[in-house]
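**Q** Predicted model follows, preceded by the sequence.
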Amino acid sequence: MKKEITCIGCPMGCRISAVLDENGKIVSLEGYTCNVGKKYAQEEFTVPKRMVTALVRVHGQNRPLSVKTAKPIEKSRIFDCLKQLESCTVILPVHAGDVVVPHVCGTDVDIVATREMY
Amino acid sequence: MRSVDLIIIGGGPAGLAAAISAYESGCRDLLILEREETLGGILKQCIHNGFGLHTFHEELTGPEYAQRYIDKVLQYQIPYQCDTMVIEVTPDRRVTAVSRANGLQQFQAKAVILAMGCRERPRGALAIPGWRCSGIYTAGTAQRFVNLEGILPGKRVVILGSGDIGLIMARRMTFVGAKVLACVELMPYSSGLKRNIVQCLDDYNIPLLFNHTVVDIKGRERLEGVTVAEVDPKTHRPIAGTERDYDCDTLLLSVGLIPENELSRMAGVRLSPATKGAVVDENLETSVPGVFSCGNVLHVHDLVDYVSEEAGQAGKNAAAFLRGEQKETGRTIPVVDGFGVSGAVPQKIHVGGADEAVNVMFRPRGVYRNAKIVVSAGDRELYSRKARILTPGEMVNLKLRPEQLRRIGEAAELAVKVEAS
């Protein structure tokens, strides 16, 4: 299978393409023009991950609380993660760094608050 | 009237960093005036991550980045007054402010740091025909609604302009359940960061249409749709027959930022037509003695890290000014924009006596590959650096060292230019 991505290492935005075998292993890689690009492509083609920042409801308030994944999660799980957060309501006070949802979607990643709310 | 050594106007990233740095340089009589309810400025609503990579070597969200500086302000017990709007600054540094808590207040400052940030270009600046229906927001306004107020501005969205805030909002709107139909860009390139194009548009299959613009807005009470057309890349005029209608209830504008310099103008500060911010020297001092400018009110940055760094310089220099230590030896020469360079800051520097490096920032005028950035004084080349690519979306930041500055000699000006291959 052939896949293509745009490198985010710098404004060059090189188009990098890869041929993957049936197990998703990279067979060949081309189009990168530096080591940053090569490393990015290797990760991006095997297990692409993203930090997810989101909002959760706050009990008794209209204003939401901003949260993030404590570390990047697999890109394919982003919408599962957002869905779980939709049904979550926090009770104040909350401090930045507090775990709001542990092990989101059964992963080993926690959702933590990114601001103080009283 | 209250007398204060240093007044900092604005409690966003620039104002916070300026205040901290002035304090660390020995200034003890200072005051931050902020018009919002809390400190932090625009970072409060930038809940995405990616801030602080240069400064803290980790990726923080906006609120987390701001908190690092707010904590320092609290730790140093630097006085600040929120909910306070500065309405006038005079050339002799008298600052007038209003607030619910204190009414009208007047301060006589020995030095002032302007750190008011910037505003988004609104619809009125674009001359798009159509009714003034609801559903048209600047991207930053929508960001505030979603991230701070918990309000969804609409469900089917078209974004005009591909500035970073627009890109970030494309992803945010998708996350909160809206459908983003397209991001429409007049130019053949984006002014946003590559990383944002990939992670905010490509990741969610949102099309980015270059050389396109919105030519009509439909709907009388509420937006019902927009018409998008391709433009001629040279004249930017819509090409007849290329129109396409999008059914949408929301149009977000991400079409540029304008430094907010009303107060600077009142203070008699000379402004630069290129940056729309103050004309400053290497100390970030404006044409009015004792008035400094930094952050997005001086020129629009793309990274907050650079705002903090620049504001730190302004704070340090304001503290030196207050001690009467500012060394303004020798003549000043202008820094001029050469080929490919737009809005170099500072616009002038003092020659001689410079024992500190001078930071020069500018925005490339276009996309240049395998280019060279050159700073020269007369026929002498003081600095050069190769760049694989330069784009208007990424500001260039270069440091001229004292030994390079000493080679200016008798030259009448310093020229910054791009040599494209």
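**A** Received it, and whenever you're ready, just let me know what you need.
**Q** mind giving me the domain ranges of the chain?
**A** In the absence of a named chain, chain A is used. With automatic domain parsing as the criterion, the domains of chain A are listed as A:2-46, A:53-113.
**Q** Can you look at chain B instead?
**A** Taking automatic domain parsing as the reference, chain B has its domains at B:1-120+B:257-326, B:122-255, B:328-421.
**Q** tell me the most buried of these?
**A** Greatest average neighbour count among these goes to domain B:1-120+B:257-326 (a mean of 21), per mean count of other C-beta atoms under 10 Å in any protein chain shown. From N, CA and C alone the C-beta is placed, and that goes for glycine too.
**Q** Provide a list of residues in contact with A:Lys75.
**A** For A:Lys75, the residues meeting the contact criterion (C-beta atoms under 8 Å, 6 or more residues apart in numbering or on different chains) are A:48-50, B:203.
**Q** what's the answer for B:Ile349, then?
**A** B:281-282, B:332-333, B:335, B:358, B:405, B:414.
**Q** out of these, which are inside helices?
**A** Mapping those onto helices (DSSP state H) picks out B:Leu405.
**Q** Redo the contacts of B:Ile349 as CSV? Include distance to A:Met117 and pLDDT.
**A** Below are these laid out as CSV (distance: C-beta to C-beta, whole Å; pLDDT from 0 to 100):
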residue, distance to A:Met117, pLDDT
B:Asp281, 43, 94
B:Glu282, 42, 93
B:Thr332, 49, 90
B:Ile333, 51, 92
B:Val335, 45, 96
B:Val358, 42, 92
B:Leu405, 48, 88
B:Leu414, 49, 94
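**Q** can you give me the helices in chain A?
**A** So, for chain A - with DSSP H - the helices run A:35-46, A:78-86.
**Q** Skipping its backbone neighbours, what lies nearest the residue with the shortest distance to the centre of chain A in space?
**A** Against the mean C-alpha coordinate of chain A, by C-alpha atoms, centre = their mean, the closest residue is A:Arg50 at 2.1 Å. In space, A:Arg50 comes closest to A:Lys75 once its chain neighbours are excluded; the distance is 5.2 Å by C-beta to C-beta, 6 or more residues apart in numbering or on different chains.
**Q** Give me the pLDDT for that neighbour.
**A** For A:Lys75, the pLDDT comes out at 93.
**Q** ditto for A:Lys25
**A** 88.
**Q** Next up, the contacts around it.
**A** So A:Lys25 contacts A:Thr46 (C-beta under 8 Å, 6+ apart).
**Q** and it, how far is that from A:Phe45?
**A** In this view, A:Lys25 and A:Phe45 are 9 Å apart by C-beta to C-beta, to the nearest Å.
**Q** Where does the stretch 201-350 of chain B get nearest to chain A, which residue?
**A** Nearest residue of the stretch 201-350 of chain B to chain A, counting by C-beta to the nearest C-beta: B:Asp202, 6.5 Å away.
**Q** Report the secondary structure state of that residue.
**A** helix (DSSP: H, G, I helix; E, B strand; the rest coil).
**Q** residues in contact with it?
**A** A:Thr6.
**Q** does any part of the helix or strand harbouring B:Asp71 sit near chain A?
**A** Per DSSP states H and E, B:Asp71 falls inside helix B:62-75. Yes - shown here: helix B:62-75 in contact with chain A (C-beta under 8 Å from any C-beta of the partner chain) through B:63-64, B:67.
**Q** for those residues, which one is nearest chain A?
**A** Once C-beta to the nearest C-beta is applied, the member of the residues of helix B:62-75 next to chain A that ends up nearest chain A is B:Pro63, at 4.0 Å.
**Q** Spell out the residue ranges of the strands in chain A.
**A** With DSSP state E as the criterion, chain A has strands at A:2-6, A:15-20, A:26-30, A:49-50, A:53-58, A:65-69, A:73-74, A:89-90, A:99-101, A:111-113.
**Q** most tightly surrounded among these?
**A** Highest mean neighbour count of those: strand A:65-69, a mean of 25 (counted as mean count of other C-beta under 10 Å).
**Q** can you list contacts of that strand?
**A** A:51-58, A:81, A:85, A:90, A:94, A:100-101, A:104, A:109-115, A:117, B:47, B:49, B:61, B:63, B:147.
**Q** ok, now with 7 Å
**A** A:51-56, A:58, A:90, A:94, A:100, A:104, A:109, A:111-115, A:117, B:47, B:49, B:61, B:63, B:147 (C-beta atoms under 7 Å, 6 or more residues apart in numbering or on different chains).
**Q** pLDDT of that strand, averaged?
**A** What strand A:65-69 shows for mean pLDDT is 97.
**Q** In three-state terms, how would B:Val146 be classified?
**A** Assigned with three-state DSSP, B:Val146 falls in the helix class.
**Q** residues touching it, list them.
**A** Applying C-beta under 7 Å, 6+ apart, we find B:Val146 in contact with B:152-153, B:172, B:176.
**Q** which one is B:Gly10 nearest to, not counting chain neighbours?
**A** Using C-beta to C-beta, 6+ apart, the closest residue to B:Gly10 is B:Ala115 (3.7 Å).
**Q** Would you agree that neighbour is in contact with B:Ile7?
**A** No - contact criterion C-beta atoms under 7 Å: B:Ala115 and B:Ile7 do not qualify, at 10.3 Å.
**Q** Including distance to B:Asp232, mean neighbour count and mean pLDDT, could the helices of chain A go into TSV?
**A** Output for those, formatted as TSV (distance: least, C-beta to C-beta, whole Å; neighbours: other C-beta atoms under 10 Å in any protein chain shown; pLDDT from 0 to 100):
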stretch	distance to B:Asp232	mean neighbour count	mean pLDDT
helix A:35-46	34	16	90
helix A:78-86	39	17	96
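**Q** Please list the residues of the stretch 251-400 of chain B that sit near chain A.
**A** B:388-389, B:391, B:393-394 (C-beta under 7 Å from any C-beta of the partner chain).
**Q** got those as CSV, with secondary structure columns?
**A** Formatted as CSV, those follow (three-state DSSP):
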residue, secondary structure
B:Arg388, strand
B:Ile389, strand
B:Thr391, coil
B:Gly393, coil
B:Glu394, coil
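**Q** Check these and tell me the two furthest apart.
**A** B:Arg388 and B:Gly393 (14.7 Å; C-beta to C-beta).
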